[in-house]
Each structure stands twice: as C-alpha cells, then as structure tokens.
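Visitor: sequence first, then the predicted structure, then my questions.
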Amino acid sequence: MSLTFKVPIFDVKNLSFRVRGVDILSQISLEIFHGEYIAIIGPNGGGKTTLIRMLLGLEKPSSGEVRLFGKKLKNFKEWYKIGFVPQRASLVDENFPATVEDIVKMGRIANRGIFAGFSNEDAKIVEDAMFKMDIVDLKEKMVGTLSGGQRQRVMIARALASNPEILILDEPNTGVDMVSQQRFYKLLAKLNKEEKITIVFITHDIGVIADDIGRLFTINQKATICNDPKETLSCEDVSTLYGIDAHLIHNHKHEDHVC
Amino acid sequence: MLEMFEYEFMQRAFIAGIFIAILASISGTFIVLKRYSLMSETLAHSALVGVAVGLVAGYNPLWVAVIVAVLSAWLIEYLRSNFSLYSDAILSIILSGSLALAVIIVSLGGAFNNSLFSYLFGSILSVSYEDVVTIAMFGTPALVLLLLFSKELYFISYDEEVAKTSGIKVKLLNFLLVTVVAIIIALSIRVVGSLLIGALMVIPTSSALQYRVGFKNTILISLFFALFSVVFGMSLSFYFSLPSGATIVLTVISLFILSLIVNKK
C-alpha cells in the first residue's frame, strides 16, 4: 500500500496508561489511515476501551502522544470529522425524552455556529443519515421504546449526521440480538466501501468480522497489529491473547477460522 | 376572580411569578435530565445565606442571594471535578452548611422575623417593584443563554462523553448551566421561597417526562405545568391568604400525580 506519504487519521506513538502503578496499556504505537476497516479485539480489562478513550481525549495518557489528522489532540478542533458510538449506546435511559429524530439531529449540533439555526441542509443530512441506517420509519418514535438493534442504528445515524471521516464504535453489539448484529456488520462494511468512511470498532466477535476487516489490532496491555487477519489470526494467537485454550472450528460457509 | 389584578402588588407578583415559571421549568428540564435535581435544593439554601447577609447588612437581599448562589454553584462544580467525592454527598454537605451559616448570620444580626419567613416560604405580598426589576435584569440574560445553548445542553444531558467527542465544550456549558440555575433559584426566592423552589424546577419536568414525548414537547409541557401552577397557586394564595410558595408547590404536585395516573403503564 502506498499510504506512507499520507497523513494518518490517528497517529499514536508510545502511548502508555497506568493507574496506581499498574500498567493498563504500555508503549502502544499505531496508525490508522483513511478508508481502513479496523477491528480491535482483546480480553476484558486488556485496555481496548482505555485505548479508544485516549484516542478521543476522554482519558489522559500517562505518556506518549496521539495526533489526530496530523494535529495534537489539544489543538484538534474538527471533532465533527469523528463519529463515536460508545459501549453503552444501545442501553439508553428509557425515560430520556428523545425521538429518533431528536437523537440523530444531535449529530448536527457541533457543525453549526452558536447563532445558526437548524438549516434545510442540516435537515437533509439528518434525513440521509436515517435513510442509510434504515430508520426513517422510526423517526417519530421514542428511543426508549426501540429494540437494541434499532437503537444501535439510531446511534450510528447520529454519528453519521456529522458527516464523519471516521466512525469509532466501542463494542456496539452489547444488548443486540444475533440477526441485528449481522445486519449491523453488513451496514458497516457498506459504509466503509461505498461512503469511504474509515471504521474502527472494538468487538468480541472474532469470527463474524473476519470477512470484511482490513486490519486487526489485538490489545492486551500491548498492541499486536495484524495486517492480514484471515491469514494471521490463528488459534495460538487467540489463546495467547485471551489466556485460554482456543480450538479451531472450520466454518465452511464462509471459510473463516472461528476460535 | 380578576379583581386581584386591581392590586398593584398582585400585578408585580404575577409578572415575577410568570417570569420565574418560565425560567425554572426550562432550566429544570436540563437539571432533571442531568440528574442534578438535588442541586436546586442546595443552591436555594446557599441563596438563603445571601438573603441573611442582605437582611443583616442592609443590602438588597435578592442581589446578595444571586451572588452567593452563583459562588456556591461554582464551588460545587469545582469540588465535583477536582476531588473524588460523590456528587450527592457534596450537595448534601453544602446544603446543610449553607443553612447553618444562614441561621448563624440571621441570629447574630437579630433578623429572625417575618421578613426571613417570607424568603423561606415565598410571599406574593412582599414582591417589590425593585424585585421585579432585579428578576427581569438577571432573568432575561439567563433565559437567552438557556435558549441559545438548549440544543448543546440537551446533547450533554443525553451523553456527556459523546457530546465532548463531538466538539461540544462540555465543561464550559456545564459551568454555564449551573451559573444560570443559581441565578434563577436566587431570583425565585421571593415568590416561591428557598425551601420550595426546588419543587418548581424539578416537578414540572418530572411530570412532563411521564408523557414520553420528544425534547421540544417535554419542555413545552413542563413550561405549561409551571405557568399553570404559578398562576393558580398565586390566585389561591391571594384568596385564602396562604403562603404563595406552598400553594404553588401543592398545585404542581397535583399535576404531577395526575400525570402519573394518566400515563400509568
């Protein structure tokens, strides 16, 4: 790949995070480029979420540096370029007074000036984001009444409404049924291929993702970057990563390796 | 029924009351959604310290109340973000601390009298022309700020971290919200009283949330309930010579119970 001369979206150098003397993450270095489709896996407590939080400036690293679109985090202003869907996204407070449209509209707030109202263009972008996520029919519905899978699509539509260049999703399938999960992965792949949106997501679902992803980061205090997940993700890797004994199951339909 | 408007003091009370109903219900929506409900109680007690200082030192109690409530709101935000303390514990500490301080100041200054009573429970008789001017002077910019940033505050109430990663200045806006709320609470003390203002902030929104409608409609229902409670409560207060704060709060609680029953799952 001739990506060497391009400015990466994320440029992470020697990032470490320690809490009360315990290393949660140490010396993580990685780059994420435009158009990539990256999955992050690793055991619970391995530091996946902490890494994402540091990338987004929600957690301060103990040492190291994060650059976003070539800029240091504290100088970065164009946050609308980033769509973040956190872990708890599909577990919204059922009483929160929000229709689907209210939530998706939130995606436009950061893009507008203080005195600017909600323009026709904003309305069009919101409609478009709902269309892409197939939730136009639900727009008048209260978010609290939706299923986990529907809420998940609402949260992504909200992130899409800011016209992001990158979508970051932290275990987006928490509380979502299997059928919705598969539909969800198809949507992500489509966004990556057709809209050229860079996608980074944390998951436990190693088997399901193997088809589409370009690179796999395994995080367990340290980062291992795997450029061809289908080739490299062996059971030994998974066993080492999770500290359990993994067995290989051949899934003939997809010819994936499921551990 | 309309004869009460022939009295100038009632006209003043209604202008002040309607202004406060608008301010309290709109700011209350964000307070409730952010789980800051107890904050209104705490700031009301801090405002009482200002009233005590004003009464004893001979300054306009409402002005001093605004200043003390704002300082207290900033102290709460500072403690919340810089120390590992539970927010409800901070609120509880400042609430009782403020009340203790107010009582000491008042008793040292010998100002335990009807005037203080009216600040505790609200009194429509006591709303002066000067009070109406103070309420309009501080209340108008508070309302403008709330409306200007309502979308951002709504986003922050929904998910603070997502709002932050969307480029919204969460810390600044949280600071702005507590400042505006402190001002509104201090201003409301005349009509509703410091012991009861929390109700006018929290109950209209809690009632509106029962209807499970979107953001805009929740604010509108909350606004309607607050306005109705103030107008109806003040009328009751006038005709039955009752403390206005208490009649307003009982009206809003009746609406709350009604909303619960109507929307029972």
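Guide: Done, it's in.

Visitor: switch to C-alpha atoms for all contacts and neighbour counts from now on
Guide: Fine.

Visitor: mind exporting stretch A:126-139 as CSV, just the C-alpha atoms?
Guide: Presented in CSV, the C-alpha positions along stretch A:126-139 are these (Å, rounded to 0.1, in the frame of the first residue of the first chain):
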residue,chain,number,x,y,z
VAL,A,126,-30.2,14.1,9.1
GLU,A,127,-32.8,12.5,6.8
ASP,A,128,-30.0,11.0,4.7
ALA,A,129,-28.3,9.5,7.8
MET,A,130,-31.6,8.0,8.9
PHE,A,131,-32.1,6.6,5.4
LYS,A,132,-28.7,5.0,5.4
MET,A,133,-29.4,3.3,8.7
ASP,A,134,-32.9,2.3,7.6
ILE,A,135,-34.6,4.1,10.5
VAL,A,136,-36.7,6.7,8.6
ASP,A,137,-39.9,4.9,9.5
LEU,A,138,-39.0,5.2,13.2
LYS,A,139,-38.2,8.9,13.3
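
Visitor: and it with chain B, contact?
Guide: No - judged by Cα under 8 Å from any Cα of the partner chain, stretch A:126-139 makes no contact with chain B; its nearest approach is 10.7 Å.

Visitor: please identify the buried residues of that stretch?
Guide: A:126, A:127, A:128, A:129, A:130, A:132, A:133, A:135, A:136, A:138, A:139 (16 or more other Cα atoms under 10 Å in any protein chain shown).

Visitor: beyond the helix or strand hosting the first one, next helix or strand please.
Guide: Residue A:126 is part of helix A:120-132, with elements assigned from DSSP states H and E. Per DSSP H and E, helix A:120-132 leads on to helix A:148-160 as the next helix or strand towards the C-terminus.

Visitor: neighbouring strands for the helix or strand that that following helix is followed by, and are they parallel or not?
Guide: The element immediately downstream of helix A:148-160 (helix or strand, assigned by DSSP H and E) is strand A:166-170. Taking DSSP bridges as the criterion, strand A:166-170 forms sheet pairs with strand A:82-85 (parallel), strand A:198-202 (parallel).

Visitor: let me know the pLDDT of residue 194.
Guide: In the absence of a named chain, chain A is used. The model reports residue A:194 with a pLDDT of 90.

Visitor: the intended chain is chain B.
Guide: pLDDT, residue B:194: 85.

Visitor: same question for residue B:67.
Guide: Predicted confidence (pLDDT) for residue B:67: 95.

Visitor: element containing it, please.
Guide: helix B:61-82.

Visitor: what separates that helix from the chain centre, distance-wise?
Guide: 14 Å (Cα atoms, centre = their mean, to the nearest Å).

Visitor: once you drop chain neighbours, what's closest to residue B:9?
Guide: residue B:125 (6.2 Å; Cα to Cα, 6 or more residues apart in numbering or on different chains).

Visitor: equivalent analysis for residue B:237, please.
Guide: Nearest one to residue B:237, counting by Cα to Cα, 6+ apart, is residue B:244 at 5.1 Å.

Visitor: equivalent analysis for residue A:70, please.
Guide: residue A:7 (6.2 Å).

Visitor: before we go further, the one you found is sitting in a helix, right?
Guide: No - read with DSSP: H, G, I helix; E, B strand; the rest coil, residue A:7 is coil and lies in no helix.

Visitor: up against chain A, what does the stretch 51-200 of chain B have?
Guide: Residues of the stretch 51-200 of chain B lying near chain A (Cα under 8 Å from any Cα): B:148, B:149, B:151, B:152, B:155, B:158, B:161, B:162, B:165, B:166, B:167, B:168.

Visitor: which other helices and strands contact the host helix or strand of residue B:117?
Guide: Assigned by DSSP H and E, residue B:117 falls within helix B:114-121. Judged by 3 or more Cα pairs under 8 Å, 6 or more residues apart in numbering or on different chains; DSSP states H and E, helix B:114-121 is in contact with helix B:37-57, helix B:244-262.

Visitor: these into TSV, with extra columns for mean neighbour count and mean pLDDT?
Guide: Output for the helices and strands packed on helix B:114-121, formatted as TSV (neighbours: other Cα atoms under 10 Å in any protein chain shown; pLDDT from 0 to 100):
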stretch	mean neighbour count	mean pLDDT
helix B:37-57	26	92
helix B:244-262	20	94
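
Visitor: before we move on, the earlier item: now do the buried residues in the helix holding residue B:67.
Guide: Buried, per 16+ other Cα under 10 Å, within helix B:61-82: B:61-74, B:76-77, B:79-80.
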